[in-house]
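Asker: Quick one, what's the 3D model for this:
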Amino acid sequence: SESDTGDRIGGRGDLGGSLRHRFLRSTEEKRRAVLVAVLWLLVTFVMSSNLFTYVGFVVADRVLYLPSFGYCLLAVQVMASMSEELARRFTTHAKAKRTKGGGAKGTKKKEAKVKQEAEVGGGDSSGSESGAADAAAATAESARVLERSLFMGMVLAFVFGYTVKQQLQNRRWATAVEIWGQSYRVNPGSCINGGEFGMSLTNAARPKEAVPVLWEAHERELTKLFYTSTIREAENPDIARWQRMTSLLSTRFKLVTAMANAGYCDEAEPLVDEGLALIDPQFAAIERFVATEQYSEFGSSGQKAAGSLTDQKTYYLISKSRCQRDVASMDFYAQQAINLRPGMVYAQSYYESVQGLVQSARQSGVHPSQVVISFIEPTDGSQAIDRAFSIRPMPNGMSGGMQNGMPYGV
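Answerer: Here you go, the predicted structure:
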């Protein structure tokens with residue numbers, strides 16, 4: 001009837017309005033989702049961006065966890081929008097292709113069929129309208145199925161891609177050389193990557209490869225003016241100088257360690273002596289700093305600087321010991337290092353190894369000063385040099401004491 005037809009048309013109109021309202025609401029929700037994702041990505045990262053407080057780095061795993069959640073939200077929204085747009089275009093294209101494929105002949109047949117149904121039904125056109133509505137609903141449903149399929153396909157591809165990337169990254173992180181080597185190749189100008197990559201090469205018995213990397217890092221650091229814990233400490237010239245010196249000495253220690261392991265002790269010793277000559281005057285400067293009014297404000301920083309410089313002096317004494325040509329001289333500097341920092345594990349380990357050489361020499365009836373050390377190239381193809389020991393005779397008329405400021409004899 002006419003009233004039924006009107007109800008159907010009114011119902012379809014209400015459904016269309018509802019769908020339009022849902023579309024508008026969906027679009028608004030999409031905008032809000034994108035805004036939330038972008039804000040989460042930026043706001044959580046800005047705290048470690050050095051804009052409001054100095055943190056000393058920009059990109060690190062520990063500061064990317066929260067921003068990565070915003071990235072995931074944004075990625076999901078992008079994939080959802082892409083799948084919706086692709087499904088809409090595909091459905092529109094398929095509908096246009098079907099209409100074009102039917103041609104004028106198909107259109108005339110449809111018109112004749114509609115006319116015949118109208119005559120049989122007494123002029124009621126509700127059946128044709130219902131059929132058209134059902135066809136539209138079927139098209140919309142197929143579009144939704146296609147959209148869900150495309151979305152799931154994108155999600156699976158996204159997860160698969162990052163799974164492959166994770167496996168590749170795990171291989172790069174298998175050893176310290178791999179991870180720091182990758183970081184160094186990505187950012188060779190970093191104030192951290194060069195030193196860590198060079199030290200990992202040294203620990204992996206590849207000191208000859210480490211020397212040029214560490215030398216470049218040391219030269220770069222000499223030309224930069226940074227390495228203070230906070231901006232307030234940078235305003236104090238004494239604190240800034242001590243912290244900068246500690247950082248420079250640390251990088252140089254890595255360099256001279258690699259040089260000593262590679263057999264370049266003649267080149268390393270002047271660098272060690274210069275470092276030791278720079279450290280001692282700073283302790284007197286720190287003592288003078290303690291007596292000033294600034295100590296109440298920067299006292300903890302001054303104590304930290306004194307402790308760091310003491311550690312560096314211990315390291316340099318060990319480096320000095322490693323480059324000596326006889327066991328007694330090695331023991332002389334090892335004793336100084338352990339006396340300076342008796343609780344340092346590195347100093348204890350090195351001191352015990354030197355004491356092992358001293359005890360072996362004495363058990364053989366030879367004074368440690370007679371045990372001469374020479375550096376020889378390894379025969380197994382490795383880069384770390386080998387140490388060879390030989391015995392030299394005791395000089396006539398000398399049974400012990402000091403010679404040129406060094407222990408000799410007993």
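Asker: Distance of residue 53 relative to residue 47?
Answerer: According to Cβ to Cβ, to the nearest Å, residue 53 stands 8 Å off from residue 47. Using the backbone N, CA and C atoms, a C-beta is placed for each residue, glycine as well.
Asker: So which of these two has more stuff around it?
Answerer: Comparing residue 53 with residue 47 by neighbour count (other Cβ atoms under 10 Å), the higher total belongs to residue 47, at 14 against 10.
Asker: distance of the more buried one from residue 34?
Answerer: 22 Å.
Asker: again, but for residue 306
Answerer: Distance of residue 306 to residue 34, given as Cβ to Cβ: 53 Å.
Asker: Where does pLDDT dip in the stretch 51-200 of the chain?
Answerer: For the stretch 51-200 of the chain, applying pLDDT under 70 flags the ranges 54-59, 98-136.
Asker: let's go with 80 and repeat that
Answerer: Across the stretch 51-200 of the chain, the ranges flagged by pLDDT under 80 are 51-61, 93-143, 172, 189-191.
Asker: any idea where the helices of it begin and end?
Answerer: Assigned by DSSP state H, counting those that start in this stretch, the stretch 51-200 of the chain shows helices spanning 61-120, 126-172, 176-186, 193-203.
Asker: And for residue 358, the neighbour number?
Answerer: Each residue near residue 358 was counted by other Cβ under 10 Å, and the total is 17.
Asker: ditto for the one 3 residues further on
Answerer: For residue 361, the number of neighbouring residues by other Cβ under 10 Å comes to 21.
Asker: name the element it belongs to?
Answerer: For residue 361, the element it lies in under DSSP states H and E is helix 345-363.
Asker: If you drop the residues flanking it in sequence, what lies closest to the spatially most central residue of the chain?
Answerer: Closest residue to the average C-alpha location of the chain: residue 60 at 4.6 Å, with Cα atoms, centre = their mean. Residue nearest to residue 60 in three dimensions, not counting chain neighbours: residue 48, with 7.8 Å by Cβ to Cβ, 6 or more residues apart in numbering.
Asker: That neighbour and residue 42: what is the separation?
Answerer: 12 Å.
Asker: and if you look at residue 317?
Answerer: Counting by Cβ to Cβ, the gap from residue 317 to residue 42 is 49 Å.
Asker: And the two? Which one has more around it.
Answerer: Taking other Cβ under 10 Å, residue 317 and residue 42 do not tie; residue 317 has more neighbours (24 against 12).
Asker: Retrieve the pLDDT associated with that one.
Answerer: Looking at residue 317, its pLDDT stands at 95.
Asker: Report the contact partners of it.
Answerer: By Cβ atoms under 8 Å, 6 or more residues apart in numbering, the contact list for residue 317 reads 276, 333, 334, 336, 337, 340.
Asker: Next, give me the two most distant ones among the residues you listed.
Answerer: 276 and 334 (14.7 Å; Cβ to Cβ).
Asker: Comparing these two, which residue is more hemmed in?
Answerer: residue 334 (26 against 16).
Asker: any idea how far residue 341 is from the more buried one?
Answerer: Taking Cβ to Cβ, one finds residue 334 at 12 Å from residue 341.
Asker: Also residue 67?
Answerer: Residue 67 is 40 Å from residue 341, where distance means Cβ to Cβ.
Asker: for residue 281, same thing?
Answerer: 19 Å.
Asker: Residue 49 now?
Answerer: Using Cβ to Cβ, which is the criterion applied here, residue 49 is 37 Å from residue 341.
Asker: between those two, which one's more packed in?
Answerer: When residue 49 and residue 341 are compared for neighbours, residue 341 comes out ahead with 19 against 13, by other Cβ under 10 Å.
Asker: count of neighbours near the closest residue to the more buried one other than its chain neighbours?
Answerer: Leaving aside its chain neighbours, residue 341 sits nearest to residue 314 (4.3 Å; criterion: Cβ to Cβ, 6+ apart). Residue 314 sits with 22 neighbouring residues when counted by other Cβ under 10 Å.
Asker: Am I right that residue 314 is in a helix?
Answerer: Yes - counting by DSSP: H, G, I helix; E, B strand; the rest coil, residue 314 is part of a helix.
Asker: who's more crowded, residue 306 and residue 34?
Answerer: Taking other Cβ under 10 Å, residue 306 and residue 34 do not tie; residue 306 has more neighbours (18 against 15).
Asker: Is the residue nearest to that one when sequence neighbours are not counted within a helix or a strand, and which one?
Answerer: Spatially, and ignoring its direct neighbours in sequence, residue 306 is nearest to residue 286 (4.9 Å; Cβ to Cβ, 6+ apart). Using DSSP H and E, residue 286 maps to helix 265-290.
Asker: quick one: average confidence on that helix?
Answerer: Averaging pLDDT along helix 265-290 yields 85.
Asker: can you pull the buried residues of it?
Answerer: In terms of neighbour count (16 or more other Cβ atoms under 10 Å), helix 265-290 has its buried residues at 265, 268, 269, 271, 272, 275, 276, 278, 279, 282, 286, 289.
Asker: thinking again about what came up before, residues in contact with the helix holding residue 361?
Answerer: With contacts defined as Cβ under 8 Å, 6+ apart, helix 345-363 is touched by 314-315, 318, 321, 327-328, 330-331, 334-335, 337-338, 340-342, 367-368, 370-371.
Asker: Show me what counts as buried in that helix.
Answerer: Buried, per 16+ other Cβ under 10 Å, within helix 345-363: 347, 350, 351, 354, 357, 358, 361.
Asker: Distance from the chain centre to that helix, please.
Answerer: Chain-centre distance of helix 345-363: 38 Å, with Cα atoms, centre = their mean, to the nearest Å.
Asker: for the helix or strand that that helix is followed by, packing partners?
Answerer: Using DSSP H and E, the helix or strand that follows helix 345-363 in sequence is strand 371-376. The contact analysis (3 or more Cβ pairs under 8 Å, 6 or more residues apart in numbering; DSSP states H and E) places strand 371-376 against helix 327-340, strand 386-391.
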